[in-house]
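> sequence-free structure coming up:
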Ligand SMILES: Cc1ncc(C[n+]2csc(CCOP(=O)(O)OP(=O)(O)O)c2C)c(N)n1
Ligand SMILES: [Mg+2]
C-alpha cells in the first residue's frame, strides 16, 4: 500500500513549518534513512529522513510552501511493485497538543462599552465614596515609556531578547553572556543567535553542564565588577544553582553591609513548554519572589521583554529574569527606539475595564487576554494588569485597579500554595480591603506535578474558561 | 579505539594512556581493559536480537514523534545499543539500573515490555507510568529499573544511593549507574564518587561517552577527556571501553561488576560510543558533519559488527537473521499499535500518586 508521508512535528512547540526544499524528486527510489526534504521549524532547519522504502510517487506540497500544518500529507511513497500513481489516504494521526498561541493585544485597544446601569448598589455606593489614591491615580492605558508617534516594528520575543542583549553588550563591555549552548549552537532556543559572531567567544561563553558552577562563577565575576548574563537552558536546571542565586547573589549586599554588590542577570525560559513532563515544566515565579535581595521580572510582550532585559542588565542588583518558551515565537509590536528601556517594578494596564481586575504576567497574560475577550461578549469589562515585575511588586497599580473594579482574579501557571497569586490576594486584602466586593480568586496550575499525557497536561494547566468563571464568580454572575 | 574523533574538535582527544601506568595503586588488574572475548553463536544471536529490538523500537519512536503521537522531548538511543546490551549480559537480575532521559534502550535491555514503554511515550494509560511520566520518566520496580531522570547528573547521586542500600543490606546487588559525557561535568558526580569510594559502595559508573552533550563536543566541555580517569583523585579504578563492540562491553562490565560484588567499592567504565540521531527530535545537528556520522554508521555500527561476524563465521545465515528481523519488527509494530490505540489516562489520574 502506498504510504503518505506527513509533515513531521520536529519540536515540542512546533505546529507548522515551511517545506523549504525537496531533496528527492518524484520517481526517485527511497531507502530508509535517505534525506527527503528540509523543513524549517520555529527553531531550526531540519532534515526529514525516510522511514519507509519505495519510490517517491508524488510530492503533494511543493518547495517553499510556508505554514504547512503538522500532519499534513506532504508526499506519497509507493512500495515495491506498487502503482506509483495510486495515492493512499492514511488516516491523520491525532494532532499534538501544544499550548495555543495568542495574538498580542495592545493595551489601548479595548473600547469602553457602556452596558448601562447594571452596577449593583453596593458597588456604586462604595465606588462613589472611595478616596482616590494620591499622585498616580490616572495611570495611562498606553505604556508610558513609549513616546507618542514612535514607529513600531513587529518582532518575536526571541528576537527582542537577543536585541536587548546585543545592544547592552555594545554599550557596556563589562556585559558578557555565559551558559550552556549559548555560543556555537546559537542558543538551545535560539535566543542568543548571532551573539558569538558579533562579540566573540570571550563574551559569549559556552559552558559545560555545570549549573551550580557557572552560576557561582557569574556571581563571583559580578562581585569583581563584571556584568554577567547567566543563561539557564531552562529554569528547571537553575535548581542545581539555586544556592548561588539565593545564598551568594541575593544576600551578599546585605551581608557585606552594602559594600559588595553583584549585578548579575539570571535568565532563561521558565514554566511549562509542551509535553515535557514534571521535571521540565515548573514555574519558579513564586520561589524567587520569596527572596529579599532579588528582583524578579516576568514580562509578556516583546517590547517589555526587550525594555526590561535592558533595565535588568543595567540594574546593580541580582535579577531573575523569567522567560517562557511558548512566548519566544510570538510576535508583538516593539518600538523602534535607539535605547528603549522599561523600568523594573512597574505594572502595565494591558487593557482598561471597570468591572473586574485580572492580574497576570508572562504566559498567564495569554489566558487573561482571551478571558477578557470572552467576558466582553457578555458585557463585562475586565481590566488586565500585566504585572511584568513580580518583585518588587507594583502593588499600587493593582490597588488602583481594584479601587475601580472592586473585584480581582489572579492568573498564573504555577502552583497555588504560596504562589504569586496568594501574595497578590494578601496585598489586596490588606491594602484594599474596603474596596473589595468579593474575595480574590486565584486561577493557578493544579496542585500536581506536570503530567506528560496530553489530556492530563491540559487539565493541569489553567484555562480561559476557569478565568472567565472566576471573573463571573467575583461579580456574582453565572 | 572504535570511536573516530569529532571532526570539528579543537584538539584531538587524547589517546587513552596505558591503564597500567595510572592505576598502580590498584591490584587485581583493576583499570586494565580485559581482552575482547569471542562470543558463542548463542551469545552473538542474543546480542543481535536485543540490540536490534532497541534499534527498531527507536526508529519507530522517531517516526511516531513525527506523526505527533509522541510529544515533548524524545531522545533516541540509536548507535549506542551495544552499551546497555553488553552490560546486561554481564549483570544479574537483581542489579539495579538507573539512567538519564535517553532511557528507552535501558528499559528494553532490562526486559521491560516494549508495549508499556511505547505506551508511555504516547502518554497512554498502559504506559509504565500510566502516561504521566513520558519518554524521560519511566520506572519498573519489578525489573529494578529506577528511571528515567530529566535533570542531567541527578541519576549519579541516586544511583550511588541504590548502591548504599545494597551495602546497607549486605546483599550482592550492584547499582549500574549510567550517565553521559556531558553529565560527567556536574558537581554532584564528584560528591558521589567520593562517598562511593569512601564507603566502598557497589556501583559501576557507566559513562556513555557519545562525544556530544547536545551540541557540545567533549573537547569543548571537558578539560580531561579521558573519562575513565575521572575517579583518579578518589582512587576509583576506571577503564575506557569500545562501546560499539558488545563483546568488549560485556567483558569490561563483568570485571567491574565482580569488583563491586567483591566489596572493593565503585568502578568507572567509560563506554566510547556514538549517537547517530540528533540530541532530541528537534536538534538540527549542525555541530558535526554528516560524514562523521556516516563513517561511524558504516565502520563501527554495533549491530552490523555482530551481523558480519555471524555471517562470516558461518554461524548464521542471511535467512536466519532476516527471520529475527521480521520477528522484532512484529514486536515493535505490536507495541506501536498498542501505544496508538490504548486510551489516554482517566482524568482522575491527575490527582493520584502525589502522596502515598
Ligand atoms: C541540570 C540540567 N542541565 C541541562 C539540561 C539540558 N540537557 C538535557 S540533555 C543535555 C546534554 C547531556 O549530554 P550527555 O550527558 O553527554 O548525555 P547524552 O545526551 O549525550 O546522552 C542537556 C544540556 C538538563 N536536562 N539538566
Ligand atoms: Mg553525550
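Yep, that arrived. What you see is a predicted model; the values in this text were computed from it and never measured. Ligands and ions are numbered 1, 2, ... in the order given.

> what about the stretch 151-300 of chain A, any weak spots by pLDDT?
For the stretch 151-300 of chain A, no stretch is flagged by pLDDT under 70.

> do you have the helices of it handy? List them.
In the stretch 151-300 of chain A, the helices defined using DSSP state H, counting those that start in this stretch lie at A:157-171, A:195-199, A:211-223, A:242-243, A:252-255, A:285-289.

> just those: most buried one?
Counting by mean count of other C-beta atoms under 10 Å in any protein chain shown, helix A:285-289 has the highest mean neighbour count of these, with a mean of 25. In short, each C-beta sits where N, CA and C put it, glycine included.

> for residue A:302, give me its contacts.
Residue A:302 makes contact with A:104, A:155, A:156, A:157, A:159, A:160, A:330, A:331, A:332, A:333, A:334, according to C-beta atoms under 8 Å, 6 or more residues apart in numbering or on different chains.

> so how far is residue B:43 from residue B:318?
According to C-beta to C-beta, to the nearest Å, residue B:318 and residue B:43 sit 20 Å apart.

> now rank the contacts of residue A:302 by neighbours and give me the top one.
In terms of neighbours by other C-beta atoms under 10 Å in any protein chain shown, the contacts of residue A:302 top out with residue A:157 at 28 neighbours.

> number of nearby residues for the residue of the stretch 101-250 of chain A found nearest ligand 2?
Closest approach between the stretch 101-250 of chain A and ligand 2, counting by C-beta to the ion: residue A:209, at 9.6 Å. Residue A:209 has 24 neighbours, counted by other C-beta under 10 Å.

> check contacts around it.
Contact partners of residue A:209, counting by C-beta under 8 Å, 6+ apart, are A:180, B:152, B:153, B:182, B:183, B:185, B:186, B:213, B:221.

> ok, now which ones touch the nearest residue to the last one once chain neighbours are set aside?
By the measure of C-beta to C-beta, 6 or more residues apart in numbering or on different chains, the closest residue to residue B:221 outside its immediate chain neighbours is residue A:208, 4.1 Å from it. Residues counted as contacts of residue A:208 (C-beta under 8 Å, 6+ apart) are A:180, A:214, B:182, B:185, B:213, B:216, B:221, B:222.

> correct me if wrong: residue A:299 contacts residue A:361.
Yes. Contact criterion C-beta atoms under 8 Å: residue A:299 and residue A:361 qualify, at 7.4 Å.

> identify the contacts common to the two.
Jointly contacting residue A:299 and residue A:361 under the rule C-beta under 8 Å, 6+ apart are A:386, A:388.

> what segments of the stretch 251-356 of chain B are helices?
Secondary structure of the stretch 251-356 of chain B (DSSP H, counting those that start in this stretch): helices located at B:290-300, B:302-312, B:318-341.

> leaving out the residues flanking it, which one is nearest to the residue of the stretch 151-300 of chain A found nearest ligand 1?
When distances are taken as C-beta to the nearest ligand atom, the stretch 151-300 of chain A reaches nearest to ligand 1 at residue A:237, 3.6 Å away. Distances taken as C-beta to C-beta, 6+ apart place residue A:211 nearest to residue A:237, at 5.2 Å, with adjacent residues excluded.

> right, and that neighbour touches residue A:240 too?
Yes. Assessed by C-beta under 8 Å, residue A:211 is found in contact with residue A:240 at 3.8 Å.

> return every residue with contacts to both of those two.
Any residue near both residue A:211 and residue A:240 by C-beta under 8 Å, 6+ apart counts here, and that gives residue B:186.

> burial of the residue nearest to residue A:203 when sequence neighbours are not counted, as a residue count?
Nearest non-adjacent residue to residue A:203, counting by C-beta to C-beta, 6+ apart: residue A:176, 4.2 Å away. Residue A:176 sits with 22 neighbouring residues when counted by other C-beta under 10 Å.

> show me the beta-bridge partners of residue A:176.
Per DSSP bridges, the residues bridged to residue A:176 are residue A:228.

> mind checking how far it is from residue A:315?
Counting by C-beta to C-beta, the gap from residue A:176 to residue A:315 is 16 Å.

> what's the pLDDT at the residue nearest the centre of chain A?
Nearest to the mean C-alpha position of chain A, by C-alpha atoms, centre = their mean, lies residue A:324 at 3.2 Å. We have a pLDDT of 98 for residue A:324.

> mind listing what the closest residue in space to it that isn't next to it in sequence touches?
Leaving out its chain neighbours, the residue that sits closest to residue A:324 by C-beta to C-beta, 6+ apart is residue A:363, at 4.7 Å. Under the criterion of C-beta under 8 Å, 6+ apart, the neighbours of residue A:363 are A:99, A:271, A:300, A:324, A:326, A:327, A:413.
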